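Q: Dropping the sequence and predicted coords here.
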Amino acid sequence: MKPMLKYYDDIKEMRDVGPRRRDEFNYCQRLLQQSNPGAEQHIREAINTFVHMKLNEKGWTNELLVCSSFIPGADWTCTPYQPIFDAMCERYGQDPLTD
């Protein structure tokens, strides 16, 4: 069974995102795969590496919630996360950093 896609909201509790957000996530996942095959695996590896480093070096616990978009910081250029940025620019037809 696949885990349910969830998000962390301002109320600080976990909630099921529901079918609409799940469909949007699946669409974006396909868009990423089409624009940069294999990128998702590299992104997952980078996130796992970051979390394992924090678990081992910083004393984080397994119960910690991570907002993965904060990991690369403000500039995703030349990071494993850049394909996400590129796919979204492709989806919306613009690069917000140059407009």
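A: It's in.

Q: I'd guess residue 76 is in a helix, am I close?
A: No. Going by DSSP: H, G, I helix; E, B strand; the rest coil, the assignment for residue 76 is coil, not a helix.

Q: State the distance from it to residue 69.
A: Plainly put, residue 76 is 9 Å away from residue 69 if you go by C-beta to C-beta, to the nearest Å. Where C-beta positions appear, they are placed from N, C-alpha and C, glycine not excepted.

Q: Between these two, tell me which one has more neighbours.
A: Looking at residue 76 and residue 69 with other C-beta atoms under 10 Å, you find the greater number of neighbours at residue 76, namely 17 against 10.

Q: Just confirm residue 91 contacts residue 31, I think it does.
A: Yes. Shown here, residue 91 and residue 31 form a contact pair, counting by C-beta atoms under 8 Å, at 5.8 Å.

Q: can you give me the strands in this protein?
A: Counting by DSSP state E, the chain has strands at residues 6-8, 14-16.

Q: No further queries at this time; thank you.
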